[in-house]
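Chemist: Below is the sequence, then the predicted model.
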Amino acid sequence: MTHQQEPDGRIEPTLDGGGRLDYISFLRGPKQLAAGVYLRASTWGLVTAYVGFNLFVALSNRRSFPELVGAALGSLLVLMIPVWISGWWDENKTQRTRYKVAACAASVLLVVQAGAFLSLRGTLQQVLGKNTVLSSEELAQRALRCQQSGDLACAEASWTDFLKLHPDDGRALTTLGVVKSKRDDHTGAIQQFEKAIATGSGAYDLFAYYAVSLASVGRTDEAIEWNYAALAAVPKLVDVRGALARLLVSKSRPYEALALLQAFDSRLEATGGSAYFTAQRTAIEKGITEVGAAKDPLRLAAYGGHFFAPVSVGPARPAAFMVDTGATLTALSQEMLRASNVEYRLLDSDARMITADGRRVPAQVVMLDAIRVGPHELRNVKALVCKECAPLLGASALSRFDMQSSKVRGLEFLSLAPRG
């Protein structure tokens, strides 16, 4: 082995006979390790193009600013993965090699994703001179593929073309409305939903997204009714139920919102599940304490064939009481009575309660000093108390109200207005 002096003064080791040792990573000189200006510029240009393409797709679908930031960071992370993986086989990779890997990865990803994007929208077929006149079935398939890939702009264009061929297709009108709603074109979405409804179409997604768009343009009362229609179709839509509760609170109807959420949670707990809306109910209850109670009639929506009212026993938090017009007395458990700290008088310590399965269990009849049904306070309410008693709102409380039943968009309602 000998040493050879370079023109710039560096000493490079060589094998006897003039062979260099550049192929050994740790023996490479600075010029061999560093990436050149051209490689740096081209790599960063490709990376910028790839990130820019993903931002363009996100912007065309009207993504929010946080989603745009996520798209940019996600693109950079994807490019880092092949560079990181390439280091598994050679932990002494030079800067030049890493730049080359990044450039290749950006090139491949840009070509593949751009090709898929252009092909999905039909642009690639136009460039290649292929026949781009699609049948209605092909347009529907393209629209669905666009939706599945998250390209809502493409989906909107495809459904619009489909409806030029089939202007009265209720399902296509609904889907186009949903796409427009997701793209925040709520005025356009409302137009499509109303056309779909005029054709006789009816589905939970139509009602739910129609409500979203109505609320977004300030038509809150209509949005509330259509959210109820969505729940009439599919009662377990928790997103719709939560959104509806927020709209009700915004219209100063917190007890109706509370009843809506409590009805769902009480059924969950009755079947051994955990309450879903605990946090939202707590927020509503706190808001009621701060702003005071409304004086309008309490409207209750049916759930599972029953009505549930938010009832506060004494100073306790509201609990879901099932409305039972066939029960003479209001009922509650011994545990609920103790926890409520309500004042009461014992009227009968040796009463009997017949449970749902026909068993007779010991009970007590008491006179509760005060309960609150929604915003309405009732004094001196006779109630039945037992160990296994489910919370029921019976005639001893219901007789203080004028009750009116109604049906709106397929859902049963019960309104309680205090007498006098």
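Modeler: Structure's in. What do you need?

Chemist: which stretches of the stretch 151-300 of the chain have low pLDDT?
Modeler: 289-295 (pLDDT under 70).

Chemist: 50 - rerun?
Modeler: 291-293 (pLDDT under 50).

Chemist: All the helices of it, in order from the start?
Modeler: Using DSSP state H, counting those that start in this stretch, the helices of the stretch 151-300 of the chain run over residues 152-165, 170-182, 186-198, 204-216, 220-233, 238-250, 254-270, 278-291.

Chemist: So in the chain, which helix runs the longest?
Modeler: In the chain, assigned by DSSP state H, the helix with the most residues is helix 95-121.

Chemist: list the helices and strands it packs on?
Modeler: Packing partners of helix 95-121 (3 or more CB pairs under 8 Å, 6 or more residues apart in numbering; DSSP states H and E): helix 30-33, helix 37-60, helix 65-86, helix 123-127, helix 136-148, helix 152-165. Quick note: C-beta positions are derived from backbone N, CA and C, even for glycine.

Chemist: Please identify which of the ones you listed is closest to residue 372.
Modeler: helix 65-86 (41.7 Å; CB to CB).

Chemist: which other residues reach stretch 395-404?
Modeler: Contact with stretch 395-404 is made by 323, 325, 327-330, 371, 373, 376, 378, 381-383, 414-419, as judged by CB atoms under 8 Å, 6 or more residues apart in numbering.

Chemist: Is it possible to get a markdown table of the helices and strands packed on helix 95-121 that adds mean neighbour count and distance to residue 231?
Modeler: Below are the helices and strands packed on helix 95-121 laid out as a markdown table (neighbours: other CB atoms under 10 Å; distance: least, CB to CB, whole Å):
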| stretch | mean neighbour count | distance to residue 231 |
| --- | --- | --- |
| helix 30-33 | 12 | 66 |
| helix 37-60 | 16 | 33 |
| helix 65-86 | 13 | 29 |
| helix 123-127 | 13 | 42 |
| helix 136-148 | 17 | 24 |
| helix 152-165 | 20 | 26 |
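
Chemist: Least confident of those helices, on average?
Modeler: Lowest mean pLDDT within the helices and strands packed on helix 95-121: helix 123-127, a mean of 47.

Chemist: ok, and the closest non-adjacent residue to residue 180?
Modeler: residue 189 (3.9 Å; CB to CB, 6 or more residues apart in numbering).

Chemist: quick one: the one you found and residue 215 touch, right?
Modeler: No: in this structure, residue 189 is not within contact of residue 215 by CB atoms under 8 Å, at 11.6 Å.

Chemist: What are the structural domain limits within the chain?
Modeler: Recorded structural domains for the chain (assignment: automatic domain parsing) are 2-121, 163-282, 294-418.

Chemist: Quick check: which of the helices of the stretch 151-300 of the chain is nearest to residue 52?
Modeler: helix 152-165 (16.9 Å).

Chemist: Who does residue 345 form a beta bridge with?
Modeler: residue 367 (DSSP bridges).

Chemist: Could you shift the numbering so residue one becomes 37, and keep it that way?
Modeler: With the count now opening at 37, the last piece we talked about shows up as residue 381.

Chemist: how near is it to residue 421?
Modeler: 12 Å (CB to CB, to the nearest Å).

Chemist: and what of residue 216?
Modeler: Taking CB to CB, one finds residue 216 at 55 Å from residue 421.

Chemist: next one: residue 214
Modeler: 50 Å.

Chemist: circling back: just so I know, which of the domains of the chain lies nearest residue 187?
Modeler: domain 38-157 (6.4 Å).

Chemist: can I assume residue 89 is in contact with residue 149?
Modeler: Yes: using CB under 8 Å, residue 89 is in contact with residue 149, at 6.7 Å.
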